[in-house]
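Participant: Have a look; sequence and predicted model below, questions after that.
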Amino acid sequence: MQAFEAFMDDLERVIRSAGDSGRGVLVGGDFNTRSPTWDPAVSNRRGELLERWAASCGVSLHNDGCTATCVRAQGSSVVDLTWSTPSLTPTVQQWRVLTERETLSDHLYITYEIRGPRRVKSGDGGGHARWNWRKFNAECFRESLDTCLAWGPTGEDQTTLAGLAAWVERTMTQACDAAAPRARTKSSNQEPRRLTRDRRAASGPHHDIEAEYRASKRRLRDSIKAAKAKAWEDLVGSVESNPWGIPYKLVLGRLRTASRGLTENLDSETLGRLLTALFPRGEGSVPVSQEDRSWNEG
């Protein structure tokens, strides 16, 4: 138990050190502890110590409190936990245990997404963020504020007036992001409106010329298709009247190529010498009969 408490103290120092530098921390692992907060089945001394540690650090738990993360023959338990500091809590979304995925281990896979808050460009709406208050969730807003206030400002955010003001602004922004989606700014519609105005301005003489060009192009394409279909019908119809004509040559690949073949360019004497050399005549060239031969496949 002393080793576990020492480990928790070291982890707390790391988390606070990261918080002093303005960084968020995400902690996940097999803590091998039991507590009704994340495991309704049973509790133990290590679970009580871990709950106190979480309260002192101000971290939030992302486990749903009912899905087992470790399944064994003796039973199931929730021992793999995921914690985050207040600055990261609103960004951790869709936390779930992959119960159907095979891991070749007693422990199951845990997956989640970290999504940063959407930034609003400085030129949009005068640089002020806006939220869709019709979809506002008061419970999420309160929970985000509670986690941020439990952690409190650290480092320069605590010692300087500007740092404290920045911390308050970040805290409120994170709480609003957790409670409601960002609203579209008025300036986001300026680009579509400009394109609409340009389209209307182009509906003059130039627009008429472009429309005529497109219509002519479409008529030409239809004419080419009709001509190809007519040529094919004529080719098929010529099979009956001239069976040894173009259809026959097309099928056998007998249409003359653009250039004459090598043998067509040679004179008869040269061609004869080549054929005699390639296919000599005489007694030595008579094929040997294979009827009296016996094959030995051994």
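Facilitator: Yes, it's here. Since this is a predicted model, take the numbers as computed values, not measurements. Residues are numbered from 1 along each chain as shown.
Participant: any chance you could map the helices in the stretch 101-250 of the chain?
Facilitator: 138-151, 156-159, 161-179, 190-201, 205-241, 246-252 (DSSP state H, counting those that start in this stretch).
Participant: which one of the ones you listed has the lowest average pLDDT?
Facilitator: Lowest mean pLDDT of the helices of the stretch 101-250 of the chain: helix 190-201, a mean of 65.
Participant: Could you report the neighbour count for the closest residue to P247 other than its chain neighbours?
Facilitator: Nearest in space to P247, with sequence neighbours left out and distances taken as C-beta to C-beta, 6 or more residues apart in numbering, is V239 at 4.9 Å. C-beta here means a position set from N, CA and C on the backbone, and glycine is covered the same way. Neighbour count for V239, taken as other C-beta atoms under 10 Å: 14.
Participant: wouldn't V239 be in contact with K249 here?
Facilitator: No - using C-beta atoms under 8 Å, V239 is not in contact with K249; the gap is 11.8 Å.
Participant: ok, now which ones touch the nearest residue to A150 once chain neighbours are set aside?
Facilitator: The shortest distance from A150 to any residue other than its chain neighbours is 4.0 Å, reached at G58 (C-beta to C-beta, 6+ apart). If a contact means C-beta atoms under 8 Å, 6 or more residues apart in numbering, then G58 has T85, P86, T147, A150, W151, G152 as its contacts.
Participant: so how far is stretch 108-117 from its chain's centroid?
Facilitator: 15 Å (C-alpha atoms, centre = their mean, to the nearest Å).
Participant: Any buried residues in that stretch, and which?
Facilitator: Residues L108, I110, Y112 are the ones in stretch 108-117 that count as buried (16 or more other C-beta atoms under 10 Å).
Participant: does the second one have beta-bridge partners, and which?
Facilitator: The one in question is I110. V97 (DSSP bridges).
Participant: Quick check: it vs S238, distance?
Facilitator: Distance from I110 to S238, counting by C-beta to C-beta, to the nearest Å: 74 Å.
Participant: Check the last one too.
Facilitator: Here Y112 is placed at a distance of 72 Å from S238 (C-beta to C-beta).
Participant: wouldn't P40 be in contact with D64 here?
Facilitator: No - in this structure P40 lies outside contact range of D64 using C-beta under 8 Å: 11.0 Å.
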